[in-house]
Every structure is written in C-alpha cells, then in structure tokens.
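**Q** take a look and give me a structure for this.
(chains A and B)
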Amino acid sequence: MNLATGGKAVVDATGSLNIYTIGPSLDEPDDPDAWRRLVLSDVLARHLVKSGAQVKVAVGLADLDDRTLSSARAAGLSRADYVAGVVQRITKRAQSLRLLPETIFEPASASVPKALDICRKLLGKGQAYEKLRSVYFDVRRDKRYGNMHLMDMDKLSVGKTVDLDDYVKDNPLDFTLLKRATLQDLKLGDVIETEWGNVRPSWFVQIAVAGLSALGRVDVLVAGEDHQFPHLENLRVVWSAAGVEPKAWLADRKLAREEGVTLDLDTLISQTGGNADSQTGGAGGLRLWLLSAAYRKPLSASTQSLSMWARNWHKVQETACGLRLALGAGGGKDVPEDVAQAVFDLKAGLAAALEDDLSLHRYWPKLFTFVKLVNGWLSAGNFPGVAASLCLQQLEAADAVLGILDLSQMPVACDCLPADVRALVEEREAARKAKDFAASDSLREKLSGCGFRVEDTAQGPRVYSL
RNA sequence: GGCGGCAUAGCCAAGUGGUAAGGCAGAGGUCUGCAAAACCUCCAUCCUCCGGUUCAAAUCCGGAUGCCGCCUCCA
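**A** Numbers count the residues shown, from 1 in each chain, chains lettered A, B, ... in the order given. Predicted coordinates:
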C-alpha cells in the first residue's frame, strides 16, 4: 500500500485496523470522485477483513462548513434538517454501492466539544493563537510540518494569487482551527459559543474530529488528490495533538472528465447498468467502473469507457449466472485439471493484485481470461457440476472483496420457480419446439407480466426474476 | 511564476533494461425463429518528439511539446 509520504507502507493485518475516508462534501453528496475513494477504501477494508484483521471503517462528513451552510440556506432548510437529509441520501448510496454495512458515516457536528478540547490543547501548547476571534494553527511551531513529501515548504509561492492583506493570520501558511462566525451564522444559530467568541470549526478540525469520534484511532487515511496539500498536513497536526498518528496515508486521483458527459451518479448507474430490465444491476457496474483503473491514475469518464465497463460487468455477471445454472449438472466427481488451473490462476491473480498496492487493474485481465474459459466450457456443454461449483465458489470469493456481482439478478433454477410460472416456461418451450413463435412471444410477455424474464440458451431457457 | 504527476492503437489500459497483457469498438466466421449472449480468427515492427547511455530502452538520463493536480479562500 502506498504511503503519501513516499514509499510503501506494509500494514499488519493481524491486529485491528481503522480506516478513515474523507467523505463527499455535503453540498455535493454524489461527487463521483468521493465515491471512487469510498469504494476503494471499501475494497481495502473487505480485503483486510478477509485477511483476518479486525477492521473499523468510517467516513468523515464536514457538516459545519460554509458549503454545507450555504446549501442548506439555498434549500431553505435548517442546517440540521439539511444534513439529516443528505446523510440519509449518502447512506442509501453506500448501500447501493455495497459498502460494508458497518461503515460509519460520521458528521463533525456530533463532536464539537472534542474539537474545542483539541483547540484548547493546541493553544495551551502555544502551537495555536487567537486573532480577531478566530483561532489559527501556527505552522512554524510544528517541526514536521511539510515533511510529507507533498510539497516543498520553502518553495511555496505564497500569496501568488491572493492579496495577503485580506488575512489576519500571522503567517499566510497558518491554517484556521476555529473561524469566527458571520452575522448570518449567528442569526441562524449556526455557531458555537466559546471563550474565543462565536465560531465554527474549520474543515480540518471537523474532519479530524469526526474521525476520532467514529474510530478513536485512525490507522489508514484515504483521501483524494486535491486533499494532498495542505489538508493532509493539517489533519496530521490536529490528530497529533490528540495523540493519533496514522500509519498510512493514501490519495487517489480524480476522474478524467470528458466534456458533455454527465457525472451524476444516477445517470452513471443507468449508463453502466446492464440491460434495460434490470432495476438494480447498474450499481455493480458503477462499482466495477470506479475500481477499473489504478487508483493513482485518473479514471476515464468518457462515454466509451463507461459503456466498455458496463459490458465488462455484464460479461462477468452472465458467467456467474451460467455457472449457477450449471451447478446441478452431473458429469463425474472430479474437477478437470484445466478447470482447477483456471480457478487457481484467478485466485492467485486477485491475491497478488490486492497485496501489491490494491492494483485491481491488474486483476481484470485475469478475470476476463477466466470468464472466457468458463464461457467456452459452458457453451461446449457437459461441464461437470462439481467444476461449475468450484468456479462459482471462486468467483463469489473474489466478489466478497470486489462487491460487483448482483446476486439478486441471478437466474432462477427451474425447480425453484413458482408452479404457475414454471408451467408458463414449459408451455413456451413446447411452443418453441413446435415453431409456434407467436405463442412463444406472447408467453414471454406473460412471463414478464409475472415478473420474470426469459433468455433462451443452448442449455434451455434461463429465467430471471425482474 | 514555482512544485509534482502523466503522455502506449479509434477508445480505455498493463507493462521500470531483453524485444508490446487485457478489454471496448471494428472486420470475418460458428451458433441462432425472435431477443440476448457466447465461442473462434484478425486488428501497434512499435510506445508524443529530439538527443544521449547501453550489446540491448516504451522502460534509464537530458531537452522540447502537450495535458492534469497543487501552490489561495471555502477547508
């Protein structure tokens, strides 16, 4: 795993590990860049869980910042109401993107006293100062500030684009811990009364403190490209005041946006969403796409790229469906050697990719090779049930980490169908055999009315519930 | 202006010294009532450009060009 400080960090997966991710800004809860890193950290968490670690995952939400406040005001809601709505939306999204259900979404507003404690501590140590009713951190009082290899502090071009006279900081690099509230904040009650006046905690303090509240200790921080400087340094400083020192910092890149492509998540879901009948299939496709490229490289959001991954998702899903239906097949007790080899390669490929800096992009070719082999065997017929079972098992084991398959969209085995539906399917097969295609098509319609979709394959009809 | 990153086919993309993975799109074929798939074959003598190091470079070094992020509030 890569450390933002330069090299690789080896994370010990035998103990307990807390993973903390910077969540989307509450004025833009659907930000695909944020969801890319949430899905990445989810894969990391699932992988560590599988390796035997005790993992806690939390996502920090800054709900006291200017962006949230102005969004709430634009929506005509109180801050609390607005935040409650957005957090609910984020939780729902997390569910649809299959983040681990135990993922904690922690709003900063729940930890205001803790924020104030940390500020008092920093002031007490002389690392922070108050000026005109705001509290700032003095970066010159932290020897390590700027050591994260993110930025050469001596070469920063400070004040290049901003008039320094606008600030009351002692040093333009100093960052805000507590910001004095505006008159409007005061009117709307969006302030915290303190010994320094009416303030709001800065984004850094909010994110830092939400992490502490949710996890107690942060071991791995997952941030975005644009958080690298100064945000990571600032978080480090605040956490360090609370005695917390993350072991690894990782930052993913942003999307490479193409003009004219809508990056609204719901649109993306429908674009990566498999067939039109599928109501929920798109989330898996979206998740696959979000994981498709190396996290330290930009993710292409072009239409072509999106449809490519939609097809890829479909392919994997279809193979899982095919395997599921082949489970019942006979064909001996032994798994053919080439099948065992393919299963082994798939397993080894995933392990290698995950161990080496979560490089899932190197796993996909292995997965596609596997899918192609399996499809070949399936369409050749007489694929032994034990072999199908082994393949499906491995595919599902991989999916425990990847979370891309849609198990609710699996075909239903004939003997599991309701009797009336089963009768319709059989009737349709008979019609097809008799080449009565008008009857066959109308039965397809009828089945769709009952909530089932039929696909014909060489091995017989495949029935999906809608 | 400074710092950092990236540049591989129509598109996405792997590949850090030994002669270009994989996918999408495209072409041809098999299968096919429809629909949806699947399978087989083909598709970069070359990795932005110019120099250099080396027996050997997409890979290392120098330079050029282009794109992206940060250097400032929000945070």
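**Q** tally of neighbours for the residue of the stretch 101-250 of chain A found nearest RNA strand B?
**A** As assessed by C-beta to the nearest atom of the strand, RNA strand B sits closest to A:W203 within the stretch 101-250 of chain A, at 2.1 Å. From N, CA and C alone the C-beta is placed, and that goes for glycine too. Residues contacting A:W203 under the criterion other C-beta atoms under 10 Å number 23.
**Q** A:R141 now?
**A** Counted with other C-beta under 10 Å, A:R141 comes out at 15.
**Q** list the contacts for the closest residue in space to it that isn't next to it in sequence?
**A** Excluding the flanking residues, the one nearest A:R141 by C-beta to C-beta, 6 or more residues apart in numbering is A:Q127, at 4.4 Å. Contacts for A:Q127 (C-beta atoms under 8 Å, 6 or more residues apart in numbering) come out as A:F137, A:D138, A:R141, A:D142, A:V237, A:A241.
**Q** now the second one: how far from A:Y129?
**A** Using C-beta to C-beta, to the nearest Å, one obtains 6 Å as the distance from A:D138 to A:Y129.
**Q** common neighbours of those two, please.
**A** A:D170.
**Q** what about A:D441, which helix or strand?
**A** With elements taken from DSSP states H and E, the one containing A:D441 is helix A:437-449.
**Q** which parts of that helix are buried?
**A** A:S440, A:L443, A:R444, A:L447 (16 or more other C-beta atoms under 10 Å).
**Q** stretch A:449-466 now?
**A** For stretch A:449-466, by 16+ other C-beta under 10 Å, it's A:F452, A:R453, A:V454, A:P461, A:R462, A:V463, A:Y464.
**Q** quick one, phi psi at the first one?
**A** In this case it means A:F452. phi -130, psi 150 (degrees, to the nearest 10).
**Q** which residues in the stretch 51-200 of chain A form helices?
**A** Along the stretch 51-200 of chain A, counting by DSSP state H, counting those that start in this stretch, helices occupy A:66-74, A:79-96, A:112-124, A:183-188.
**Q** do the stretch 301-450 of chain A as well
**A** A:303-326, A:337-355, A:364-380, A:385-402, A:419-433, A:437-449.
**Q** which of the contacts of A:Q127 count as buried?
**A** Judged by 16+ other C-beta under 10 Å, buried ones among those: A:F137, A:D138, A:D142, A:V237, A:A241.
**Q** the helices of the stretch 51-200 of chain A into CSV, with extra columns for distance to A:D42 and mean neighbour count?
**A** Formatted as CSV, the helices of the stretch 51-200 of chain A follow (distance: least, C-beta to C-beta, whole Å; neighbours: other C-beta atoms under 10 Å):
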stretch, distance to A:D42, mean neighbour count
helix A:66-74, 24, 17
helix A:79-96, 9, 17
helix A:112-124, 26, 18
helix A:183-188, 35, 13
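**Q** can you redo those as TSV with mean pLDDT and distance to A:S213?
**A** Formatted as TSV, the helices of the stretch 51-200 of chain A follow (pLDDT from 0 to 100; distance: least, C-beta to C-beta, whole Å):
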stretch	mean pLDDT	distance to A:S213
helix A:66-74	92	17
helix A:79-96	94	15
helix A:112-124	93	6
helix A:183-188	89	23
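**Q** could you provide these in JSON lines, with additional columns for distance to A:A400?
**A** Shown next, in JSON lines, are those (distance: least, C-beta to C-beta, whole Å):
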{"stretch": "helix A:66-74", "distance to A:A400": "35"}
{"stretch": "helix A:79-96", "distance to A:A400": "17"}
{"stretch": "helix A:112-124", "distance to A:A400": "35"}
{"stretch": "helix A:183-188", "distance to A:A400": "46"}
